[in-house]
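[1] Got a predicted model here, sequence first, then my questions.
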Amino acid sequence: MQEAIEFETIVKNRNVDIPSQYSLNNKKVRVIILSELELPNKKIETKPMKLTSIIAQAKGKGCFKSVSEINSFIRNERNQWD
């Protein structure tokens, strides 16, 4: 049977102290350490962007050189359906 415990502590000299309320002496355990990252106190401000702006910033512009080429391609595709 597995038992999971959770507690907060500070790692000192690469050692993790387990609170005395947990009786884990001479037991094999699996340890997972989740460290909280210290982030700078800077606020990152983001402005909402329009989808067209995001697409315009993309590296590749697609396989069409102009809007008229896109319209022509779509028109030809529609004509083939009929």
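    That came through fine. All values derive from a computational prediction rather than experimental measurement.

[2] going forward, measure contacts between C-alpha atoms and count neighbours the same way
    OK.

[3] mind listing what's buried in the host helix or strand of residue 75?
    Residue 75 belongs to helix 67-81 when elements are defined using DSSP states H and E. Neighbour-count burial for helix 67-81, counted by 16 or more other C-alpha atoms under 10 Å, picks out no residue.

[4] Mind giving me the packing neighbours of it?
    With contacts defined as 3 or more C-alpha pairs under 8 Å, 6 or more residues apart in numbering; DSSP states H and E, there are no secondary structure elements packing on helix 67-81.

[5] what is the mean pLDDT for it?
    Averaging the model's pLDDT scores along helix 67-81 yields 89.

[6] please renumber so the chain begins at 13
    Okay, residue one is now 13; in that scheme the one you just asked about reads as helix 79-93.

[7] contacts for it?
    The contact list for helix 79-93 (C-alpha atoms under 8 Å, 6 or more residues apart in numbering) reads residue 76.

[8] so how far is that helix off the chain centroid?
    For helix 79-93, the distance between its averaged C-alpha position and the chain's averaged C-alpha position is 38 Å (C-alpha atoms, centre = their mean, to the nearest Å).
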